[in-house]
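**Q** I would like to see how this sequence folds:
(one chain, ligands or ions: 2)
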Amino acid sequence: MELNFWDQVKSQPIWIQLLLLLGTLSIFKTLLSIPKWIYITFLRPAKNLKKYGSWALVTGPTDGIGKSFAFQLARKGLNLILVGRNPDKLKEVSDAIQTKFPKTEIKNLVIDFSIGGNLSEGVIKIQELVEELDVGILINNVGISYPYARFFHEVDQELLRNLIHINVEGTTKVTQAVIPGMLKRKRGAIVNIGSGAAIVIPSDPLYAVYAATKAYIDQFSRCLYVEYKKSGIDVQCQVPLYVATKMASIRRSSLFVPSTDGYARAAIRWIGYEPRCMPYWPHSILWGLAHMLPESAIDAWRLQFCLRIRKKGQVKDSSKKE
Ligand SMILES: NC(=O)c1ccc[n+]([C@@H]2O[C@H](COP(=O)([O-])OP(=O)(O)OC[C@H]3O[C@@H](n4cnc5c(N)ncnc54)[C@H](OP(=O)(O)O)[C@@H]3O)[C@@H](O)[C@H]2O)c1
Ligand SMILES: *[C@@H]1O[C@H](CO)[C@@H](O)[C@H](O)[C@H]1NC(C)=O
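**A** Numbers count the residues shown, from 1 in each chain. Ligands and ions are numbered 1, 2, ... in the order given. The predicted structure is shown next:
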């Protein structure tokens, strides 16, 4: 006697039937996640960013990712508040944007987010500006990392304090200065720049404090996403892996290491959607691969990788001193 598939299933005890059902559902979920990823990554239309308000505020817009974000936002027709530490670089960037997009209104705000600056004073300046302008978008981009990899006991006091002051306190306080206006108008989008160091790899050895500040950014964003969703404010943590900037000490871009423009062009299309996202698609392929490997293997690879960065950095440092 030959039983067909369904008769076989029906003759199993109920718990096996349940397991089969769950297994089938999870396979479907995995299969469906691929077309969903393709849709979101390549086909989903970007939100109309001007509907959040006519101004966007970008921190750290004088170099790297922040600078490209500023150009992309101007291209979308937004006016800009650029918050940076160096007045000359701010002027240079805003002149370049103005030349390319003559209709854009730009205001420069000089704030040094390091421990040498006065953050409270900076926050007051932002509050004053935000009170009179319809700021719909906030890009919390400013951030520093270690000059090169090192053990935690080798992190000097100044670097330690700056990492927390710039990455954590800066982002937190700027967000708090901008949110009341968004709440009043019931619309806004906040993008906080996180890092794969805190989200994709299980650990980032020899960058402990940097990775930990980015873990803060991730959870901070996730909570605010839930807190303010009903108030019309879309909070998001964007997660880049390596991007060719001075922070990453990478000059040349490649498929897995985009230029800042390549990154920002992808990033702008995600604003207002998922609470946590990886805008540049080759990065998310790496993320998917990392998921499949055992954590201990990634830990071991990363430690070796960062030990090499540390060695190189130390050699450079000692040749500078000579
Ligand atoms: N590049 C990557 O591979 C990568 C990967 C993951 C996450 N990220 C994150 O992306 C963000 C931008 O990084 P990036 O690679 O574009 O860095 P970057 O090229 O070093 O640019 C950093 C920007 O922040 C500004 N800045 C630095 N310290 C400041 C301070 N004390 N006060 C005010 N402004 C200050 C810089 O100003 P100056 O022009 O005056 O220097 C510059 O405009 C950071 O949050 C970083 O953690 C980067
Ligand atoms: C920082 O600025 C605030 C507000 O202007 C001021 O009250 C405070 O004294 C300043 N702090 C320092 C250390 O200069």
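**Q** Identify the residues contacting stretch 254-269?
**A** 44, 46, 49, 64-65, 67-69, 71-73, 76, 191, 238, 240-245, 248, 250, 253, 279-283, 286 (C-beta atoms under 8 Å, 6 or more residues apart in numbering). Placement of C-beta: from N, CA and C, glycine included.
**Q** can you pull the buried residues of it?
**A** Across stretch 254-269, burial judged by 16 or more other C-beta atoms under 10 Å covers 257-269.
**Q** then that stretch to PDB, C-alphas only?
**A** Extracted as PDB, the C-alpha positions of stretch 254-269 are listed here (Å, rounded to 0.1, in the frame of the first residue of the first chain):
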ATOM      1  CA  SER A 254      35.100  49.800  -4.800                       C
ATOM      2  CA  LEU A 255      31.900  47.600  -4.900                       C
ATOM      3  CA  PHE A 256      31.900  46.900  -1.200                       C
ATOM      4  CA  VAL A 257      33.400  50.300  -0.200                       C
ATOM      5  CA  PRO A 258      31.300  53.000  -1.900                       C
ATOM      6  CA  SER A 259      32.300  56.600  -2.400                       C
ATOM      7  CA  THR A 260      30.500  59.000  -0.100                       C
ATOM      8  CA  ASP A 261      28.300  60.100  -3.100                       C
ATOM      9  CA  GLY A 262      27.400  56.500  -3.900                       C
ATOM     10  CA  TYR A 263      26.500  55.900  -0.200                       C
ATOM     11  CA  ALA A 264      24.500  59.100   0.200                       C
ATOM     12  CA  ARG A 265      22.600  58.600  -3.100                       C
ATOM     13  CA  ALA A 266      21.400  55.200  -1.700                       C
ATOM     14  CA  ALA A 267      20.900  56.500   1.800                       C
ATOM     15  CA  ILE A 268      18.500  59.300   0.800                       C
ATOM     16  CA  ARG A 269      16.000  56.800  -0.700                       C
END
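**Q** Off-centre distance for it?
**A** Relative to its parent chain, stretch 254-269 has a centroid offset of 12 Å by C-alpha atoms, centre = their mean, to the nearest Å.
**Q** same question for that stretch, mean pLDDT?
**A** The average pLDDT for stretch 254-269 rounds to 97.
**Q** ditto for stretch 190-201
**A** For stretch 190-201, the per-residue pLDDT averages 96.
**Q** do stretch 294-303 as well
**A** 97.
**Q** same question, stretch 145-157
**A** Averaging pLDDT along stretch 145-157 yields 98.
**Q** Now for Asp218, how many residues are close by?
**A** 18 (other C-beta atoms under 10 Å).
**Q** And for Leu224?
**A** Using other C-beta under 10 Å, Leu224 is surrounded by 20 other residues.
**Q** Please tell me I have it right and it contacts Thr175.
**A** Yes. Leu224 lies in contact with Thr175 (C-beta atoms under 8 Å); the separation is 7.4 Å.
**Q** Would you mind listing the residues touching both of those two?
**A** Residues within reach of Leu224 and of Thr175 at once, by C-beta under 8 Å, 6+ apart, are Ile190.
**Q** all helices of the stretch 51-200 of the chain, in order?
**A** Ranges of helices within the stretch 51-200 of the chain are 64-75, 87-100, 119-132, 157-162, 171-185, 196-199, based on DSSP state H, counting those that start in this stretch.
**Q** Of those, which is nearest ligand 1?
**A** Closest to ligand 1 of those is helix 64-75 (C-beta to the nearest ligand atom; 2.1 Å).
**Q** Just confirm yes or no for that closest one near ligand 1.
**A** Yes. Contact of helix 64-75 with ligand 1 (C-beta under 6 Å from any ligand atom) involves 64-66.
**Q** Can you add pLDDT and give those back as CSV?
**A** What follows is these, written out as CSV (pLDDT from 0 to 100):
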residue, pLDDT
Gly64, 97
Ile65, 98
Gly66, 98
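**Q** Tell me the most packed of these, by neighbour count.
**A** For the residues of helix 64-75 next to ligand 1, the largest number of neighbours (other C-beta under 10 Å) sits with Ile65, at 27 neighbours.
**Q** Skipping adjacent residues, who's closest to it in space?
**A** Distance criterion C-beta to C-beta, 6 or more residues apart in numbering; nearest residue to Ile65, sequence neighbours excluded, is Thr260 at 5.2 Å.
**Q** how much space between the one you found and Glu92?
**A** Thr260 sits 16 Å away from Glu92, taking C-beta to C-beta, to the nearest Å as the criterion.
**Q** who's in contact with stretch 273-280?
**A** Residues outside stretch 273-280 that contact it (C-beta under 8 Å, 6+ apart): 40, 44, 47, 194, 196, 199-200, 218, 221-222, 225-226, 234-241, 243, 258, 262-263, 266-267, 269-270, 284, 287.
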